[in-house]
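Undergrad: What shape does this take:
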Amino acid sequence: MSAPHTNIERQQRRHFPALAGIALAVLVGGIMGAAMTYTAIDRADAPEATGVSDATGQPVVE
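TA: Numbering: from 1, shown residues only. This is a model prediction of the structure:
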């Protein structure tokens, strides 16, 4: 059963912040997912590093 006195405009105003937050979370999650996918694909083509590191602590690729 539905509520007997429903004010659609007021319901829409009250739910807007929650729906905007959900949309923002989905957007941020999509951006993070795309970034992780891009990073994984980009690093898959990189040559493997040797166990030796230079003065900066970064692995040296031969």
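Undergrad: So residue 3 lies in a helix, does it not?
TA: No. Counting by DSSP: H, G, I helix; E, B strand; the rest coil, one finds residue 3 to be coil, located in no helix.
Undergrad: what about it, how many residues close to it?
TA: 7 (other CB atoms under 10 Å). Where you see a C-beta, it was placed from the backbone N, CA and C, and this is true even at glycine.
Undergrad: do residue 4 as well
TA: When neighbours are counted by other CB under 10 Å, residue 4 comes out with 5.
Undergrad: Wait, a helix at residue 6?
TA: No. The assignment for residue 6 by three-state DSSP gives coil, which leaves it out of any helix.
Undergrad: Number of residues surrounding it?
TA: There are 8 residues near residue 6, going by other CB under 10 Å.
Undergrad: which other helices and strands contact the helix or strand containing residue 18?
TA: Residue 18 belongs to helix 8-44 when assigned by DSSP states H and E. Helices and strands touching helix 8-44, as assessed by 3 or more CB pairs under 8 Å, 6 or more residues apart in numbering; DSSP states H and E, are absent.
Undergrad: change the start of the numbering to 44 and stick with it
TA: Understood, numbering begins at 44; the last thing we discussed is helix 51-87.
Undergrad: low-scoring stretches of the protein, by residue?
TA: 44, 89-98, 100-105 (pLDDT under 70).
Undergrad: again, only this time at 90
TA: 44-55, 82-105 (pLDDT under 90).
Undergrad: picking up where we left off before, off-centre distance for the helix holding residue 61?
TA: 7 Å (CA atoms, centre = their mean, to the nearest Å).
Undergrad: With only the CA atoms kept, save stretch 47-57 in CSV.
TA: Extracted in CSV, the C-alpha atoms of stretch 47-57 (Å, rounded to 0.1, in the frame of the first residue of the first chain):
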residue,chain,number,x,y,z
PRO,A,47,-2.2,8.3,1.6
HIS,A,48,-0.7,11.8,1.5
THR,A,49,2.3,12.0,-0.8
ASN,A,50,3.9,15.3,-1.8
ILE,A,51,6.2,14.4,-4.7
GLU,A,52,7.9,17.7,-4.8
ARG,A,53,8.9,17.6,-1.1
GLN,A,54,10.1,13.9,-1.5
GLN,A,55,12.2,14.9,-4.5
ARG,A,56,13.8,17.8,-2.5
ARG,A,57,14.5,15.5,0.5
